[in-house]
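Engineer: All I have is the shape, not the residue letters:
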């Protein structure tokens, strides 16, 4: 079983450990990283995901939660895009349609054009169908791992290009 991580510093280092493209087949190293992600607390995952989207050029603002909205999520903005992102039911194996519908309602309240729902588990067929109608991207554990790896690979490529252009001068 995977070792649970409790410190916020370790969760921020997870994105730095991930490099290269996500493999087509889940390797042992990828499975270990997925277990590490699953072992994080929901708040730690939100920090890692927020950093990944910041590195993609989004401004990330945490939404204030009220009693009715315990996990309000984050608002991602980039140019004219407004996306509502939530990490939900972190220790749940499968997420059904209702949380996807709730995100859709919150998107309207925050004038978001699309939504992103992230979990370490997976989504039911009904949740996937509704997400398709509501402009909601569903990210399960393996897709989250791929998102973090692709983001890290893109950042490393940008850094190599910047070093090459500075040495060419």
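Structural biologist: Looks like it came in fine. Note that the coordinates shown come from a computational prediction; the quantities given were computed from them, not determined experimentally.

Engineer: Now do the strands for the protein: every range, in order, please.
Structural biologist: Counting by DSSP state E, the chain has strands at residues 59-62, 74-78, 81-87, 94-95, 114-118, 122-123, 136-139.

Engineer: List the contacts of the longest one.
Structural biologist: Put plainly, it is strand 81-87. Identification of contacts with strand 81-87 by C-beta atoms under 8 Å, 6 or more residues apart in numbering yields 42, 45-46, 49, 53, 58, 63, 71-77, 99, 103, 106-107, 110-119. Using the backbone N, CA and C atoms, a C-beta is placed for each residue, glycine as well.

Engineer: Same question for the fourth one.
Structural biologist: Here strand 94-95 makes contact (C-beta under 8 Å, 6+ apart) with 88-89, 117, 119, 121-124, 127.

Engineer: One more pass at 6 Å, please.
Structural biologist: With contact meaning C-beta atoms under 6 Å, 6 or more residues apart in numbering, strand 94-95 is reached by 89, 119, 121-124, 127.

Engineer: chain center to that strand, what's the gap?
Structural biologist: Put simply, strand 94-95 sits 16 Å off its chain's centre (C-alpha atoms, centre = their mean, to the nearest Å).
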